[in-house]
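sharing a model that was predicted from the sequence below.
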Amino acid sequence: MASIQLKNVTKSYGKGKQALQVIHGVNADVADREFIVIVGPSGCGKSTLLRMVAGLEEISGGEISIGGRVVNDLEPAERDIAMVFQNYALYPHMSVFNNMAYGLKIKKMPVAEIKTRVDKAAAILELGHLLDRTPRQLSGGQRQRVAMGRAIVREPQVFLFDEPLSNLDAKLRAQTRLEIQKLHRELGITALFVTHDQVEAMTLAERMIVMNAGVMEQFGTPEEVYHRPASTFVASFIGSPP
Ligand code: ADP
Ligand code: MG
């Protein structure tokens, strides 16, 4: 089970008089295997929220649970999550296989198990014929798939995506979007997917969190958000008539 609960989660950067609160009391209950999109304009706090779930950023107040376990004080490696970024840093001198296997080798997983996992991920991502190449010999879209493969082989309960498509051109973006949907269906993962793109949010989300200036303005299905916006901000941002 990998449900996610956010209870009154807050974040301030800096201390004392210099403190700047960037997340204001976010509450959300995400079900196991649900695909949630966090959408809002640049600077509204999407990455900060995601990084707190990942454990890359300390939380200032409230509580985050993953699979019913409070994770506030757990290191990223203890949280059973994988994160896919916009700037996927692959190891340039390593083959695709070794890029995907690296995290498992560090954990001293048996070689046969590593091979099974990499082959399975490569099949899902259609990377099987590219395993011997190095990143330089790949297209942008293929590199992005390797970055996803590296996350998949860890078999995490929760996937966190921070604008993973924004460096891709329109065609590749649409294609990769389909691949992410396939991943969600086939692996039954729970996903938090951050984007500033309303169309991407509407197409990918089972439910979406609409953020503005650190505040969760609405949490609902794309239909609800579109037809019953909770605020004038949501109405104008999502583009439905007021
Ligand atoms: P988004 O991902 O929605 O663009 P961010 O979560 O990156 O937004 O940023 C939210 C706010 O927090 C912004 O005002 C940003 O300037 C500020 N911020 C982000 N990271 C830091 C940091 N490390 N120190 C201080 N302020 C930060
Ligand atoms: Mg961001």
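That came through, no problem. Everything quoted here is computed from the prediction, not taken from an experiment. Residues are numbered from 1 along each chain as shown. Ligands and ions are numbered 1, 2, ... in the order given.

got the contact list for the residue nearest to R228 when sequence neighbours are not counted?
Closest residue to R228 apart from its sequence neighbours, by CB to CB, 6 or more residues apart in numbering: G220 at 7.7 Å. Yep, even glycine has a C-beta here, placed from its N, CA and C like the rest. Applying CB atoms under 8 Å, 6 or more residues apart in numbering to G220 gives the contacts 207-208, 228, 230.

low-confidence stretches in this structure?
Along the chain, segments meeting pLDDT under 70 span 1, 87, 240-242.

the longest helix in the protein is where?
helix 170-187 (DSSP state H).

the strands in this structure, which residues?
Taking DSSP state E as the test, the strands found in the chain are 4-13, 20-30, 35-39, 61-66, 69-70, 81-84, 158-162, 190-195, 207-212, 215-220.

distance check, S166 against ligand 1.
11 Å (CB to the nearest ligand atom, to the nearest Å).

I'd like to know how far that residue sits from A235.
25 Å (CB to CB, to the nearest Å).

same check, this time on A174
Counting by CB to CB, the gap from A174 to A235 is 26 Å.

higher neighbour count, those two?
A235 (18 against 13; other CB atoms under 10 Å).

quick one: P164 and M83 touch, right?
No. The pair P164 / M83 is not scored as a contact, 9.5 Å apart, by CB atoms under 8 Å.

which one of the two has more residues nearby?
P164 (26 against 21).

what separates that one from ligand 1, distance-wise?
13 Å.

contacting residues around the closest residue to that residue other than its chain neighbours?
Counting by CB to CB, 6+ apart, P164 lies nearest to V84, which is 4.7 Å off, once chain neighbours are set aside. Going by CB under 8 Å, 6+ apart, V84 touches 147-148, 151, 159-162, 164.

switch the strands of the chain over to CSV; also include distance to ligand 1.
Output for these, formatted as CSV (distance: least, CB to the nearest ligand atom, whole Å):
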stretch, distance to ligand 1
strand 4-13, 3
strand 20-30, 4
strand 35-39, 8
strand 61-66, 15
strand 69-70, 22
strand 81-84, 13
strand 158-162, 7
strand 190-195, 7
strand 207-212, 7
strand 215-220, 12
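
let's have the ones you listed in TSV, adding distance to K108.
Shown next, in TSV, are the strands of the chain (distance: least, CB to CB, whole Å):
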stretch	distance to K108
strand 4-13	29
strand 20-30	32
strand 35-39	32
strand 61-66	24
strand 69-70	24
strand 81-84	19
strand 158-162	23
strand 190-195	27
strand 207-212	37
strand 215-220	40
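
for D162, which residues make a bridge with it?
Residues in a beta bridge with D162, per DSSP bridges, are V194.

quick check: it touching Q86?
Yes. Assessed by CB under 8 Å, D162 is found in contact with Q86 at 6.2 Å.

so between these two, which is more surrounded?
The residue with more neighbours, out of D162 and Q86 and counting by other CB under 10 Å, is D162; that gives 20 against 16.

which ones are touching the more buried one?
D162 touches 46-47, 50, 83-86, 194, counting by CB under 8 Å, 6+ apart.
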